[in-house]
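1. Sequence and predicted structure below; questions after.
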Amino acid sequence: MTSIRSRSFGQGSDGSTVSHTNRSRNRALVNFVVLPFLFLTVALLGGLRIGAESRTFIFIAPPLVTLLLASLSLLLFVRGGLLRFHQWVGSDFPPLTNIAHTWMFITIFFASAQAFNSVLPEGGLFHWLFSFFFLWTLWNNQFSSFDARRLLRSLTILFGTAFVLKHILLASLYSAEGGWFKRVAGTLLQGVTLGTLETPTFAPVTGYIAFFTLALYIAGLILLAFANDKPTGA
Amino acid sequence: MQSKPIQVFGLGFTIAYAVLIVWLYATEPRTFKEVTTSAEIAAGTYEIDQEKFNSALSLFQREQFRAAREEWQRADPAQRDARTQFYIAYSFYREGWGRVYFDQELFKQGVEAVNRAIALSPNSPLTIDDPDLRIHTPAELKVELDQGLERSWNDINPLKVFRTRK
């Protein structure tokens, strides 16, 4: 048994070398393949909607405000210790490692922009209301003390709340398939606000896509927090 | 050092994926079918459905212009074939042509289609060798359609009822 174990995992200094090599490879796989792929998938799905009537794809590029929100989020990630630039990019690292890590930061930026895009109403007053509350929250958070875990919890709550408001509450209010009460409430709301709350409606599957996108984004950030212990390729 | 191949693979793979995403947002395909059509265009392997094209041509010759257009649109869903777009424009012209007046809406759509045909053959001017047609190039067709859209004193000339459709 001991001989099998020793053959499989090595022993003593050899064992620790094999284990170190495996750990290094796995971290490299997560940092250079899994995380960018995951964040790019968020970037792909964050702007994807399905038309309510036509049932066709609608790709919505990230509005300018989401780029601002993504920038604030990245600042927050740095402040909260989720992204440690000095540990990931520096003159001591090989150029390829620096490029790969910078590329990952770029994918995080666009994933953040698209994550906001997926929970922002597409137009009307609600778009600006949501944008304002996101900006307010992120700006306030810049001055709070955060660690990675608290930051992740806060972001999960933020995105979760926005998801419920947009894809459950608003979608149900404007849904043509809803009951008469919903339709009356939706029409009244639009009438009272002179149509400024009007927002395009999408097929229910859009909500599922948004949920999957946000889950993927949060999962990516959690994975990033674990991958943060020690950068690869250094 | 051992992570270098993974770094290279990861960079290559994810950059290709990012390019695909940018391309999807730029082309905005509405269905999976359109995704494949756009991919064929990007790869330079896009071809029209010749069978549908011929069927549309036969409808066109029988003066079933609307049906012909629908068939041509199915034959060239990406609107990338100059010849098909020329025929679509021609069908708008023939349907919109009248002895007393021209249907402005159809002529406008004809201009849009003929502009597409011109844009799709910028280097070698397109010439259609079809004995059934009296106009053989997109430029001539465009002039004919533009003239139909113009308002002039000639519009009230009673002799215009003797003009012929091309």
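-> Looks like it came in fine. No experiment lies behind these values; they were computed from the predicted model shown.
2. how about the residues of chain A near chain B?
-> A:21, A:24-25, A:27-29, A:31-33, A:36-37, A:40, A:43-44, A:47, A:51, A:54, A:56-59, A:61, A:94, A:96-97, A:99-100, A:103, A:107, A:232-233 (C-beta under 8 Å from any C-beta of the partner chain). Quick note: C-beta positions are derived from backbone N, CA and C, even for glycine.
3. Of the residues you listed, keep whichever come out buried.
-> Neighbour-count burial (16 or more other C-beta atoms under 10 Å in any protein chain shown) applied to those gives A:24, A:27-29, A:31-33, A:36-37, A:40, A:43-44, A:47, A:57-59, A:97, A:100, A:103, A:107, A:232-233.
4. Run through chain A and note the low-pLDDT ranges.
-> Scanning chain A for pLDDT under 70 picks out the ranges A:1-15, A:175-198, A:228-234.
5. Could you rerun that using 90?
-> In the predicted model of chain A, residues A:1-28, A:31, A:52-55, A:79-94, A:97, A:122-126, A:141-151, A:167-204, A:225-234 satisfy pLDDT under 90.
6. So which residues of it form helices?
-> Counting by DSSP state H, chain A has helices at residues A:2-9, A:12-29, A:35-45, A:64-79, A:85-88, A:95-119, A:124-141, A:148-163, A:171-174, A:180-192, A:205-227.
7. same for the longest one, what does it pack against?
-> The helices and strands touching helix A:95-119, judged by 3 or more C-beta pairs under 8 Å, 6 or more residues apart in numbering or on different chains; DSSP states H and E, are helix A:35-45, helix A:64-79, helix A:85-88, helix A:148-163, helix A:205-227, helix B:4-27.
8. 7 Å instead, please
-> helix A:35-45, helix A:64-79, helix A:148-163, helix A:205-227, helix B:4-27 (3 or more C-beta pairs under 7 Å, 6 or more residues apart in numbering or on different chains; DSSP states H and E).
9. any idea which of these is most buried?
-> Most buried of the helices and strands packed on helix A:95-119, by mean neighbour count (mean count of other C-beta atoms under 10 Å in any protein chain shown): helix A:35-45, with a mean of 23.
10. For residue 113, list the residues it contacts.
-> Unless you meant another one, I'm taking chain A. Residues in contact with residue A:113, defined by C-beta atoms under 7 Å, 6 or more residues apart in numbering or on different chains, are A:62, A:66, A:67, A:70.
11. should've been chain B
-> So residue B:113 contacts B:85, B:88, B:89, B:92 (C-beta under 7 Å, 6+ apart).
12. These in helices, which ones?
-> Reading helices off those with DSSP H, I get B:85, B:88, B:89, B:92.
13. tell me, which of the residues you listed make contact with chain A?
-> With C-beta under 7 Å from any C-beta of the partner chain as the criterion, the ones in helices among the contacts of residue B:113 include none near chain A.
14. quick revisit: out of the contacts of residue A:113, flag the one nearest to residue B:74.
-> Nearest to residue B:74, judged by C-beta to C-beta, of the contacts of residue A:113 is residue A:62 at 34.2 Å.
15. Can you name the residues in contact with the least confident helix or strand in chain B by mean pLDDT?
-> Counting by mean pLDDT, DSSP states H and E, chain B has its least confident helix or strand at helix B:32-43, which shows a mean of 83. Helix B:32-43 is contacted by residues B:27, B:29, B:46, B:77, B:78, B:80 when judged by C-beta under 7 Å, 6+ apart.
16. can you pull the pLDDT of the last one?
-> It stands for residue B:80. If you check residue B:80, the pLDDT there is 87.
17. what does the first one give?
-> Model confidence at residue B:27, given as pLDDT, is 87.
18. now do the fourth one
-> The model reports residue B:77 with a pLDDT of 88.
19. residues contacting residue A:115?
-> A:42, A:46, A:159, A:213, A:214, A:217 are the contacts of residue A:115 under C-beta under 7 Å, 6+ apart.
20. closest to residue A:206 among the residues you listed?
-> Using C-beta to C-beta, the contacts of residue A:115 come closest to residue A:206 at residue A:213, 10.3 Å.
21. wait, what's in contact with the closest one?
-> A:42, A:45, A:46, A:115, A:118.
22. quick one on the thing from earlier: the least confident helix or strand of chain B: what's the following helix or strand?
-> helix B:50-61 (DSSP states H and E).
23. how about that following helix: buried residues?
-> Buried, per 16+ other C-beta under 10 Å, within helix B:50-61: B:52, B:53, B:55, B:56, B:57, B:59, B:60.
24. Without its sequence neighbours, what residue ends up closest to the second one?
-> Distance criterion C-beta to C-beta, 6 or more residues apart in numbering or on different chains; nearest residue to residue B:53, sequence neighbours excluded, is residue B:75 at 4.4 Å.
25. quick one: residue A:118 from chain B, how far?
-> In this view, residue A:118 and chain B are 14 Å apart by C-beta to the nearest C-beta, to the nearest Å.
26. go on, residue A:89?
-> 14 Å.
27. ok, now which ones touch that residue?
-> With C-beta under 7 Å, 6+ apart, residue A:89 has these contacts: A:98, A:101, A:102.
28. are any of the residues you listed buried, and which?
-> Buried among those (16+ other C-beta under 10 Å): A:98, A:101.
29. Adding distance to residue A:205, write the contacts of residue A:113 out as a markdown table.
-> Shown next, in a markdown table, are these (distance: C-beta to C-beta, whole Å):
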| residue | distance to residue A:205 |
| --- | --- |
| A:62 | 21 |
| A:66 | 22 |
| A:67 | 27 |
| A:70 | 25 |
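30. Skipping adjacent residues, who's closest to the residue nearest the centre of chain B in space?
-> Central residue of chain B (C-alpha atoms, centre = their mean): residue B:85, 3.0 Å from the mean position. Leaving aside its sequence neighbours, residue B:85 sits nearest to residue B:117 (C-beta to C-beta, 6+ apart; 3.9 Å).
31. Now whatever helix or strand that neighbour lives in: average pLDDT?
-> Assigned by DSSP H and E, residue B:117 falls within helix B:104-120. Average pLDDT, helix B:104-120: 93.
32. quick one: buried residues of it?
-> By 16+ other C-beta under 10 Å, the buried positions in helix B:104-120 come out as B:106, B:107, B:109, B:110, B:111, B:113, B:114, B:116, B:117, B:118, B:120.
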